[in-house]
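> missing the sequence, but the structure's below:
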C-alpha cells in the first residue's frame, strides 16, 4: 500500500533561478538541518560526533565533508549536511547533554554567487559584508528586508542564504531586485 | 542655438550637445548638463511660477537645492510626472516636459493673482482666525478650500512605473559635501587608508567652485582641481564617490540616509536601472562639509522674476555660460556679490550699479569695482522694484532718507551674506552656538562622532578651510584605526577675502505693514508678518514659525530662517540666541516616497507566507484570507456557490463524513531537555509533569498579570521532548515570551526551544470517517480507539514518510492532525484526499473551522479574549493548576480585580429570532429602553450561522455572564434592537460523545 | 536607527536585528505567589521612565537570540554599556548635568548656547 502513495518531496523554490549579469541566484539542493543547542561542556563531545569542530566564536563556522556548523548564539548552532545525514541521530550519539531538533524542512537556502553578491544581499541586509568584517567562512543570523535569514559566506563572492520556507519566495524576490541593482 | 543669453566661450557645457524640452507647451533647446533653470534663463525665460498664497509672479532665486520659488511639474511620460521639482536641481534631458504650477488659466495671466490685491485679508495667522466658526462650515466650505489652496503642484494619479533600489553600506569616514573642504577631507581620510564614502548632491563635485572663479587650489583653477581630485578618489579601492546624491537624514549613531538620483537626468534610461537609490550608511565617523547658503536681501517687492542670489548669477554665468540679464544690478551687504558684478562685466554684460547697504564695503572689492568702472552706491538701499512679470527697474535711496533714483535693470543679484549649512549637524542632535560678530549659528557641542569643516563650520578663509578639512579627514581616519601613511597637502588661494553680511529686514522693508518684503518665498511670508506675529503675542520662535508658516514649506526655510529670526528678535527686543532657532529636521530636501519605500512594494511589500499545500488549495478553488502574513484557505466554493453556501456545505460535510483542513500555520515549538516539563509547568497554568509520553493536553498560557496570553495543544513525545502548539498569529511572540523567561528568570533549567512551525505541514482530518481515511496510509501506529484515544500523539510513517500523528480535534469530531515534514505536505495531502474524496469528504477552510469550533464552545485566543480575560473569565479555569507553587501569572490571578464578582465572562448567546446573526463586536445591554448613555454589559466576540444547529450562534463577554444564563439581553443596533438569551457555550453535541468515535 | 553592541556577538549591529524588552534589573520574586499586592504592583506595573540613564533589556532576536542589558541615555540615545544577562548592574556615574533643563518641547528645540 505504502508504495502506491510514497510521498514525493517538493522543495519550496524548486525550478526557480535568477540573478543578473553580476549575481547568480540558485536554490540550494535539499539538505539535512538541525538546530543544535548545548552548553560549553558538550562542545567537545558533539564536535567529535559531528566530525567537525563546533565553532565557539561569534560569526564562526566549520565545515567538513559536506557538513557545516554555523555559530548562531553562545549555545546554538545551525548544522547543515548536504548529504542528507541523520544529524539528530549523529548528535545523539555524542552522549553529551544537548538538544537537536530537525529543521530540514523548515529551512531552505539560496546560493548567491558572483561579484555583485554582497551588494545584492546588502539591498536588504544591514550587516557589513566587507571581507574584513565578514570574511569567508563567516556566518550569522540576521535579516533581509522583512525576513530573518542565516547568512554564510562560502567564498569571496559566494553566500548561502538560509531562510524559512514560507519566506523563501520573498527572500528570493528581494535578492532578485538586489542582484539587478548590483549589476546596474 | 541653446538660448540667446548663452555667452560664447563661457561656461563648462559643450555647445554641440543639445537637448530639446518643452515648458508650458513651448519648445526650447538646452545644452546637456543644463538644469531646467539654466536652460530657461538661457532662453530668456524668467517667469516660472506663481507664489503659493498671493499668486505673485515668481522666477528663479538660486542655482541650487535651496530654491524656494522655481518649482515645476516635470514629466517624462504620463505616468512619470512629478510636481514641485526644483528647476535649479533638475537636469534637462531630451524630450522632457515641464509645466508651471499654481496658475490658471495661464502663467502670465493668473486669476488667482487677485489674492495679491486681497492680501490684507490673508495676513499671517489668517487660517487660525478665519476658519474658526461656524463649526458646520468646516467640512463643507473651509476644508475643501484649504485643501484646494494647499500645496503647489498636483500629485500624479497613475501608478509609478519606475523601480527604486536600496543599499546598506558601511564606511570608516563618510564625507558629506564635495566642495573644497569635503574633497580635502576625503582625500586625507582616503590616503590614510580609511574606507571613505564621499557624497555630493550636485551632478559634479566642486560645490562653490561651480561659481567661484576666483579660487585656485595648488595653482589649478578650483573647479578643474575638484574634478581631478574626484577622479583620483574614485580610482582608489577604498573610496566610493557618489554624486547626484543627497545626504538627507542624519540619524542616531552615525546612521546617514542618502538619496541617489540615478536616472532622472537621462533621456532614455536603461529599464534595469532604478530611478533612485536609497543608501543607508553606517559610518564610524562623519565629516560634514556642507558649505553655506547665500541669503537674499529683504526689501520691498524683492520677489520679482529676475531677482536672484548673486552666487546663482555667477553659477549661471561661470558654469552654464548664461547671462541672467543684459543690464544687471547688484544689491548686497556682503563683498561676495561684488565678484558677481566683476564676472558679468568681464563677460561683457552691463552692470547698472552695485547698491551696498553698508557704508564701508571691503576695500579690495571696492577698488576692483572702481578699476572695472562699476558704479558702487554704498550706504544705499533698494527701496522698491518695478516690472510685472520680470524686474524692469529698482528704486534706490541713500540710507536714512534722501532722494530716490530709479535705475533700469533686467536682473538684480542680491546677497545678504552666507548662512552656514548646519542642517545635518543639527539633525545629528548637535547643539548650535551663536557667533555674535558674524551673526550666525555654528556647530557647538557635538552629539555624535562627527566634525564640521569649511564654510558650514564658519571657516571662511580658503586655506584655513583646507587645512581644517585635511586635519579632520586624517583625524577621523586615524580614529577608525586607519594606518596609511600618505599625508596630503594642499594650498588654496582666493581672489578676494570677503567681509560683511546682514540678517533681517533692510531699509525700506517696514515697519509699514503694507510693504511686501519677502523672507519666505515659498510660503509668501513677509517681514511684516513676523512683526504681526510678535504683536499678537507670539514670543517663541516656534510659535512665530507656526503662526506665520515661515520656514514650513518644502525648502524648510533654508533662506528664510535667519531673516525671520532676526526680525523677530528685533521686534521682541531680545538677542537672537534668546529667541532661539527652530530645529532642522530630516529630510534636508524632499525625498520621493519611492526612494523611501524602495523594494517594499508589490509582492515585496510584505512576505506572503504560503503553506506547503497552497498550490493544491489554489488549484481547488480556495479563497484565501490573510492571517498575519499567512495566506490561509478560507473556504472552497464550488461552481455557483457563494461563501455562505460553501461554508454551510463544508460544515455539514465535516460532521457527516469528514473534512481536510490545512493547519500548517499553527505555531509549533519544540521544547527539549531534561527540564522540559519543569519549564512548561512554569510557563503554562497547567501541570505537565503528569502528562505521559504519547499523550497531549490543552494548555493555557497567562502573562504575569494573569490574563490569557495564548493556548494550544501540547504533546509529549518523550520524557525530555514536547511538541508545543500555539495560535497561528502567536507563534513568534510566544517563543519570544518563553525565551525571555528561560534566559532571564529560569536560566538554570536545562531545556532548549526551537521553532518548528515551518518544519511540519499539518493536515487536519476531522469527521466520523477520519480514521477510515488515513488508516490505509499510516504505518507503525495502531489507530484503534483504545490504542490511540483522543489526545494521543505517536510517531510513525504516513505515505512512507515520517509523521507525528496527533489525535486531536478542534471540531468536536473524531479527528487527527497529520504532521509531516513540510516538503512532503502536498504529496501527503493529495494521498489523503485521494482516500477522502470518494467517501464524500471535503476540504474546508478557516471559516468552517471557526464555525465548527464555536458550535463546540472552543475559544480562540485573541478573538474571544482580548488581553483582559482570565482563564476563569474564558471558562477554562479547569486548566489552571491549583497545586503548583509557581507559574507565570500565579500572582497576577490573585489580584483583587481579577478575583472580584461581576467580571465579564464568556457565555453563549442565542438570538430569539434564530435567523438573526449578531455582529461581532456589537455591545450588549440589559435594558434597551434605558436612557443614553446606556450601561453596556459586554460585547459579542464570535458570531456565526451554524448550519449544523440550524440557527445562529454566538459567544459574548458579559459582566457576570454565567449567572445570567437563561436571561434575555439586548443588542441595540442602528436599525433595530436584537434580543438574545444567555446560554452556556456548547451548542452542538453537548455530551461530547462524537470526539471519542 | 540605533547601533547596538551585542555582548554575545561582540560586535555592533543594526537595531533592526534587535527588539527592546523593557526595564532591566527587575527581579521576579522566587516566591512570587506569596508577595503582597503592593510588591506585585511595584514588580509588574511601576517603572521610572527616567530622563537620562536607563538600564534596559534588549534581545538580539535576529542575531544570537540572547537577552542582554544596556545602560542608555534616553536623551542622547547613547549607549554607555551593554552587558550580558545576569551580570550585575554596573556602577555608572551619571553624566554631569548640562544646561538647565527646559521643560517645554518647543524650548528644547535647537536651544542654542
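Cool, the structure landed. Please read all numbers here as calculations on a predicted model, not as lab measurements.
> which segments of chain A make up each domain?
The record's domain parsing of chain A by automatic domain parsing lists A:15-30+A:105-184, A:31-103.
> how about the nearest residue to residue 55, chain neighbours excluded?
I'll assume chain A. Spatial nearest neighbour of residue A:55, chain neighbours left out: residue A:71 (4.3 Å); criterion: Cβ to Cβ, 6 or more residues apart in numbering or on different chains. In this view, the C-beta of every residue, glycine as well, is placed from N, C-alpha and C.
> um, chain C though
In space, and not counting its chain neighbours, residue C:55 is closest to residue C:24: 4.4 Å by Cβ to Cβ, 6+ apart.
> cool, and residue A:135?
Nearest in space to residue A:135, with sequence neighbours left out and distances taken as Cβ to Cβ, 6+ apart, is residue A:153 at 6.9 Å.
> how about residue B:458?
Spatial nearest neighbour of residue B:458, excluding adjacent residues (Cβ to Cβ, 6+ apart): residue B:442 at 4.4 Å.
> so that neighbour sits against residue B:419, correct?
No - contact criterion Cβ atoms under 8 Å: residue B:442 and residue B:419 do not qualify, at 10.5 Å.
> the two: which is more packed in?
Relative neighbour count places residue B:419 above the other of residue B:442 and residue B:419, with 23 against 18, counting by other Cβ atoms under 10 Å in any protein chain shown.
> give me the element that one is part of.
Secondary structure from DSSP states H and E places residue B:419 in strand B:418-420.
> give me the residue from the stretch 51-200 of chain B nearest chain C.
Using Cβ to the nearest Cβ, the closest approach of the stretch 51-200 of chain B to chain C is made by residue B:168 at 7.9 Å.
> cool, and the stretch 401-550 of chain B?
residue B:542 (3.8 Å).
> which of the three states applies to that residue?
Judged by DSSP: H, G, I helix; E, B strand; the rest coil, the three-state class of residue B:542 is helix.
> next, residue B:401: secondary structure please.
With three-state DSSP as the basis, residue B:401 sits in coil.
> give me the low-pLDDT residue ranges for the stretch 151-300 of chain B?
Applying pLDDT under 70 to the stretch 151-300 of chain B picks out residues B:151.
> give me the below-cutoff pLDDT ranges for chain C.
Counting by pLDDT under 70, the low-confidence segments of chain C come to C:93-113.
> can you map out the helices along it?
Ranges of helices in chain C, per DSSP state H, are C:37-40, C:105-108.
> do the stretch 651-800 of chain B as well
Along the stretch 651-800 of chain B, counting by DSSP state H, counting those that start in this stretch, helices occupy B:676-683, B:731-744, B:770-774.
> just to revisit the earlier point, list the beta-bridge partners for the residue nearest to residue A:55.
For residue A:71, the beta-bridge partners under DSSP bridges are residue A:77.
> hmm, back to that, now look at the next helix or strand after the strand holding residue B:419 and say if it contacts chain C.
Along the chain past strand B:418-420, the next helix or strand (assigned with DSSP H and E) turns out to be helix B:423-427. Yes - using Cβ under 8 Å from any Cβ of the partner chain, helix B:423-427 reaches chain C at residue B:426.
> skip ahead from helix B:423-427 and say which helix or strand is next.
By DSSP H and E, the next helix or strand past helix B:423-427 is strand B:431-435.
> can you give me the angle the helix or strand just after that next one makes with strand B:431-435?
Using DSSP H and E, the helix or strand that follows strand B:431-435 in sequence is strand B:440-445. With axes from the mean of the first three to the mean of the last three Cα atoms, to 10 degrees applied, the angle from strand B:440-445 to strand B:431-435 works out at 140 degrees.
> tell me which residues in strand B:440-445 are buried?
Residues of strand B:440-445 classed as buried: B:440, B:441, B:442, B:443 (neighbour count, 16 or more other Cβ atoms under 10 Å in any protein chain shown).
> can you check stretch C:59-78 too?
Of all the residues in stretch C:59-78, those buried under the rule 16+ other Cβ under 10 Å are C:59-73, C:75, C:78.
> then stretch B:697-707?
Residues B:697, B:698, B:699, B:700, B:701, B:702, B:704, B:705, B:706, B:707 are the ones in stretch B:697-707 that count as buried (16+ other Cβ under 10 Å).
> wait, residue B:536 touches residue B:530, no?
No - counting by Cβ under 8 Å, residue B:536 does not reach residue B:530; the two are 10.9 Å apart.
> which of those two has more residues huddled nearby?
Neighbours of residue B:536 and residue B:530, each counted by other Cβ under 10 Å, are more numerous for residue B:530; the result is 34 against 15.
> and the stretch 851-997 of chain B, which residues reach chain C?
B:885, B:886, B:890, B:891, B:892, B:894, B:895, B:896.
> show me which of these are buried.
B:886, B:890, B:891, B:892, B:895.
> what's near enough to touch the residue most central in space within chain A?
Among the residues of chain A, the one closest to the centroid is residue A:162, at 4.0 Å (Cα atoms, centre = their mean). Residues near residue A:162 by Cβ atoms under 8 Å, 6 or more residues apart in numbering or on different chains: A:33, A:78, A:80, A:107, A:108, A:109, A:149, A:150, A:151, A:152.
> before we move on, what SS does residue B:98 have?
Of the three states, residue B:98 takes strand under three-state DSSP.
> so it is in contact with residue B:74, correct?
Yes - with contacts counted by Cβ under 8 Å, residue B:98 reaches residue B:74, the gap being 5.5 Å.
> now for the two: what residues contact both?
By Cβ under 8 Å, 6+ apart, residue B:98 and residue B:74 have these common neighbours: residue B:36.
> now distance to residue B:193 and pLDDT too, for the buried residues of stretch B:697-707, in JSON lines please.
Formatted as JSON lines, those follow (distance: Cβ to Cβ, whole Å; pLDDT from 0 to 100):
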{"residue": "B:697", "distance to residue B:193": "63", "pLDDT": "97"}
{"residue": "B:698", "distance to residue B:193": "63", "pLDDT": "97"}
{"residue": "B:699", "distance to residue B:193": "59", "pLDDT": "97"}
{"residue": "B:700", "distance to residue B:193": "61", "pLDDT": "98"}
{"residue": "B:701", "distance to residue B:193": "55", "pLDDT": "98"}
{"residue": "B:702", "distance to residue B:193": "58", "pLDDT": "98"}
{"residue": "B:704", "distance to residue B:193": "53", "pLDDT": "97"}
{"residue": "B:705", "distance to residue B:193": "56", "pLDDT": "97"}
{"residue": "B:706", "distance to residue B:193": "60", "pLDDT": "98"}
{"residue": "B:707", "distance to residue B:193": "58", "pLDDT": "98"}
